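Undergrad: Here is a sequence with its predicted model. Questions after.
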Amino acid sequence: MPVSTARPRAKTETDTVPAEHSLGLATRLRRNRKSDWSRRLVRENTLTVDDLIWPIFVMDGAGRREPIPSMPGVERLSVDEAVRASAEAARLGIPALALFPYTDPDLRDPEGSEALNDGNLVCQALRAIKTEVPDIGLITDVALDPYTSHGHDGLLENGRILNDETVAVLVRQAVVQAEAGADVIAPSDMMDGRIGAIREGLDAAGFEDVQIMSYAAKYASAFYGPFRDAIGTAKTLSGDKRTYQMDPANGLEALREAALDIEEGADMLMVKPGLPYLDIVFRLKDTFGLPTYAYQVSGEYAMIEGAIRNGWVDGERIVVESLMAFKRAGADGILTYFAPRVAKRLAGL
């Protein structure tokens with residue numbers, strides 16, 4: 001049989017390079033996802049108990065826990081029950097609570113004068129919690145809506161919210177709360193100039209170390225409905241809040257709001273609501289680098305919890321995923337009604 005004299009074909013690049021390389025897959029991102037240990041090593045963001053702030057609602061009475069129908073699983077707590085909740089939070093490692101009052105309708109008036117009462121629900125809760133759980137942080141809302149008969153955050157005259165006159169009241173409210181033991185004053189009213197005025201008022205009263213967490217970007221959102229049920233303003237609110245809360249269509253305006261608040265002395269910034277405004281969280285953190293927080297508000301909570309209770313979603317996973325979104329956007333922490341549930345899961349309880 002004749003011997004072939006043909007020269008062997010030279011190997012080409014496609015003969016020596018694996019098939020995936022010929023497909024342009026020299027880099028396979030799935031390699032880093034192949035196992036739990038590898039996913040943990042390359043994870044960009046981590047959710048810990050240190051990221052959680054627990055908002056609670058306080059009401060009159062003793063030994064009382066009152067369910068809020070529009071927020072399944074959330075209750076109004078009497079002051080003694082709020083103390084117990086604070087002790088649980090401390091045990092779980094939650095750094096701070098945010099306090100909101102359900103004020104007796106008989107104590108509400110057009111001026112929101114109960115806000116200046118050093119014996120009001122928030123002040124009672126501050127003193128009681130600081131006595132029993134001194135090391136937990138306490139954040140208080142500065143705004144008049146829980147105390148006004150018309151449900152607005154400021155003083156109302158002929159259908160118009162008065163800015164400067166409201167700010168003068170908010171300064172007094174902040175000092176009253178600081179005197180009762182508030183660690184962080186969190187103005188949510190969205191009046192112009194209130195951060196500088198509150199900072200000046202706190203300093204003049206000897207509270208230079210009390211921090212200010214500004215609701216720098218608080219939008220006129222439809223996601224607040226269950227919260228208004230919780231504090232009792234859903235039925236009393238006359239009109240809407242669009243003349244002082246931000247237009248949901250605006251993003252650059254949030255940067256202007258934050259810049260002014262920083263200039264006036266804000267220590268921390270907050271965005272409210274949360275998940276629908278992750279772009280704003282990112283912009284504020286990326287632009288200013290200040291500690292930045294987001295509030296996973298009542299409407300967000302109610303939607304997620306409702307889906308969980310209907311069996312439509314995996315509750316264990318969706319809650320953590322929703323909170324991780326805030327961390328990915330740059331938030332340093334999240335105000336969330338899921339805080340104790342998540343803290344228990346993180347602790348393996």
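TA: All right, it came through fine.
Undergrad: tell me the pLDDT at the most centrally placed residue in the chain?
TA: Closest residue to the average C-alpha location of the chain: residue 295 at 2.0 Å, with CA atoms, centre = their mean. Here the pLDDT value assigned to residue 295 is 98.
Undergrad: quick one, what contacts it?
TA: Listed by CB atoms under 8 Å, 6 or more residues apart in numbering, the contact partners of residue 295 are 55, 270-274, 334-336. No exception for glycine: its C-beta is placed from N, CA and C like everyone else's.
Undergrad: again with residue 83
TA: For residue 83, the contacting residues are 125, 128-129, 132-133, by CB under 8 Å, 6+ apart.
Undergrad: among the residues you listed, who's most crowded?
TA: In terms of neighbours by other CB atoms under 10 Å, the contacts of residue 83 top out with residue 125 at 28 neighbours.
Undergrad: Could you check which helix or strand contains that residue?
TA: In the assignment (DSSP states H and E), residue 125 maps to helix 121-132.
Undergrad: Sheet partners, orientation included, of the helix or strand just after that helix?
TA: Downstream of helix 121-132, the next assigned helix or strand under DSSP H and E is strand 137-142. When sheet partners are counted by DSSP bridges, strand 137-142 sits next to strand 96-101 (parallel), strand 184-187 (parallel).
Undergrad: tell me the angle strand 137-142 makes with helix 121-132.
TA: Between strand 137-142 and helix 121-132, the angle comes out at 170 degrees (axes from the mean of the first three to the mean of the last three CA atoms, to 10 degrees).
Undergrad: Let's see strand 137-142 as CSV, backbone CA atoms only.
TA: Provided in CSV are the C-alpha atoms of strand 137-142 (Å, rounded to 0.1, in the frame of the first residue of the first chain):
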residue,chain,number,x,y,z
GLY,A,137,-30.3,54.6,70.2
LEU,A,138,-33.6,56.5,70.1
ILE,A,139,-34.7,58.4,67.0
THR,A,140,-37.6,60.8,67.2
ASP,A,141,-39.7,62.3,64.4
VAL,A,142,-40.0,66.1,64.3
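Undergrad: immediately after it, which helix or strand?
TA: Downstream of strand 137-142, the next assigned helix or strand under DSSP H and E is strand 155-157.
Undergrad: Tell me which other helices or strands the next helix or strand after that next one touches.
TA: Per DSSP H and E, the first helix or strand lying C-terminal to strand 155-157 is strand 160-162. If contacts are counted by 3 or more CB pairs under 8 Å, 6 or more residues apart in numbering; DSSP states H and E, strand 160-162 sits against strand 155-157.
Undergrad: Give the buried residues for the strand it packs on.
TA: Neighbour-count burial for strand 155-157 flags 155-156 (criterion: 16 or more other CB atoms under 10 Å).
Undergrad: Pull up the pairing partners for that strand, direction included.
TA: Here strand 155-157 is paired, per DSSP bridges, with strand 160-162 (antiparallel).
Undergrad: So what touches the partner strand?
TA: Residues outside strand 160-162 that contact it (CB under 8 Å, 6+ apart): 152-156, 191, 243-244.
Undergrad: hmm, try it at 7 Å
TA: Residues from elsewhere that reach strand 160-162, judged by CB atoms under 7 Å, 6 or more residues apart in numbering: 152, 154-155, 243-244.
Undergrad: so which pair among the contacts of residue 295 is furthest apart in space?
TA: Farthest apart among the contacts of residue 295 by CB to CB are 55 and 271. That separation is 14.8 Å.
Undergrad: Who has more neighbours out of those two?
TA: More crowded of residue 55 and residue 271, by other CB under 10 Å: residue 271, with 29 against 22.
Undergrad: list the helices and strands the helix or strand that one falls within packs on?
TA: Element membership for residue 271 (DSSP H and E) is strand 268-272. Under the contact criterion of 3 or more CB pairs under 7 Å, 6 or more residues apart in numbering; DSSP states H and E, strand 268-272 touches strand 211-218, helix 278-288, strand 292-296.
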